[in-house]
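> Predicted model and sequence follow; I will ask about them next.
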Amino acid sequence: MIEPGLLPPRAPDAHKGDAGRVFILAGSSGMSGAAALCTTGALRVGAGLVTLGIPKSLHHPMVEKLTEAMFHLLPETKEGSLGLAGLADIASTADHMDAVALGPGLSQHQQTKELVRQLLPKIAKPLVLDADGLNALAEEIGLLKKLSLPVILTPHPGEMGRLTRLSPDDVQRDRERIATEFAKKYNVIVVLKGHATVVADYAGSVYVNDTGNPGMASGGCGDVLTGMIAGLLGQRLSLWDAARLGVYLHGLAGDLAASERGEIGLLASDLADRIPQAIRKYQSMSSV
């Protein structure tokens with residue numbers, strides 16, 4: 001069980017700026033859903049203003065998926081992924097935000113991966129790196145030692161394997177040790193997803209989550225988590241608290257969805273819809 005009080009009730013005079021500005025870089029042609037789910041996760045966890053940076057050709061389909069987010073349209077490759085020409089614009093936009101999330105659905109286009117690698121050292125705000133962001137990083141892992149701030153990495157076992165040059169089976173056999181050693185070595189926080197998600201801190205602390213269920217083994221659930229953690233960072237939680245609370249609330253929302261609809265056929269959007277209920281349940285436990 002996570003400790004109470006990490007996300008206190010809002011002040012009566014709170015405004016959207018108080019709840020944080022989050023910048024999400026996600027999506028490419030054929031993978032706009034990942035961007036939508038990540039953005040929804042940030043909004044549902046309470047971020048005040050969420051801006052989604054996307055390849056410009058995705059604007060019309062994303063407007064249909066999201067009504068509460070703002071959009072930042074960026075240069076793209078011929079294949080419809082983020083292009084390197086957007087580097088300066090992205091870095092400048094990130095400077096005006098409280099938190100950044102990078103990775104869901106970006107694709108593994110070579111130019112997009114190079115964009116990620118050049119961008120990482122330029123971001124001086126709390127950052128969550130996931131999915132194709134991690135795949136780009138895995139090819140140049142030493143970049144982690146050049147960053148101005150620690151970051152939160154949210155790999156599944158396959159992505160963790162690519163980061164550590166291990167097989168997913170090797171990762172699964174010793175999840176806690178591998179996550180902890182990597183976090184210490186590279187001065188990051190690792191959220192190793194899966195049953196009993198492990199959150200490991202560069203200072204040596206470890207949290208093993210006890211919420212969630214097998215129904216969450218469904219496409220898009222990890223994208224929601226990335227947005228949730230970024231949304232909590234935007235609300236000024238520390239990296240450690242945002243990672244742990246994000247994982248806990250994500251699993252709790254999944255449990256609420258499964259209790260209503262069952263585990264089989266549970267969708268990432270079902271989970272996202274129940275994030276406010278999960279927060280209310282957590283806060284009610286916190287007030288006891």
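Arrived safely, thanks for sending.

> all strands for the protein, in order.
21-25, 49-55, 70-74, 99-102, 127-129, 152-153, 189-192, 198-200, 206-208 (DSSP state E).

> which one of the ones you listed is the most hemmed in?
Comparing those by mean neighbour count (mean count of other CB atoms under 10 Å), strand 99-102 comes out on top with a mean of 31. In this view, the C-beta of every residue, glycine as well, is placed from N, C-alpha and C.

> other SSEs contacting that one?
strand 21-25, strand 127-129, helix 221-234 (3 or more CB pairs under 8 Å, 6 or more residues apart in numbering; DSSP states H and E).

> For T226, the count of nearby residues, please.
31 (other CB atoms under 10 Å).

> Isn't it up against T154?
Yes: T226 lies in contact with T154 (CB atoms under 8 Å); the separation is 5.6 Å.

> Mutual contacts of these two, please.
V128, D130 (CB atoms under 8 Å, 6 or more residues apart in numbering).

> so N213 touches A253, yeah?
No: N213 is beyond contact range of A253, at 10.8 Å (criterion: CB under 8 Å).

> higher neighbour count, the two?
A253 (31 against 15).

> For T211, list the residues it contacts.
By CB under 8 Å, 6+ apart, the contact list for T211 reads V247, Y248, L249, H250, G251, L252, G254, D255.

> try 7 Å this time
Y248, G251, L252, D255 (CB atoms under 7 Å, 6 or more residues apart in numbering).

> From the residues you listed, which land in helices?
Of the positions in these, Y248, G251, L252, D255 sit in helices, assigned by DSSP state H.

> Which residue is the nearest non-sequential neighbour of the first one?
Leaving out its chain neighbours, the residue that sits closest to Y248 by CB to CB, 6 or more residues apart in numbering is I2, at 4.6 Å.

> what's the neighbour count on S284?
10.

> can you pull the pLDDT of the residue nearest the centre of the chain?
Nearest to the mean C-alpha position of the chain, counting by CA atoms, centre = their mean, stands T226 at 1.5 Å. pLDDT for T226: 98.

> is it true that it touches L129?
No: assessed by CB atoms under 7 Å, T226 is found out of contact with L129, at 8.6 Å.

> Quick check: neighbours shared by these two?
Common neighbours of T226 and L129 (CB under 7 Å, 6+ apart) are G103.

> Report the contact partners of the residue nearest to Y248.
R244, L245, Y248.

> List the residues that contact the first one.
By that I understand R244. I2, V199, Y207.

> rerun at 8 Å
Here R244 is in contact with I2, L6, V199, Y207, N209 (criterion: CB under 8 Å, 6+ apart).

> And for the second one?
Contacts here follow CB under 8 Å, 6+ apart; on that basis L245 touches I2, L6, L7, L232, L237, Y282.

> and the fifth one, how many neighbours does it have?
The reference is to L237. L237: 21 neighbours (other CB under 10 Å).

> Likewise for the last one?
Neighbouring residues of Y282 were enumerated by other CB under 10 Å; the total is 20.
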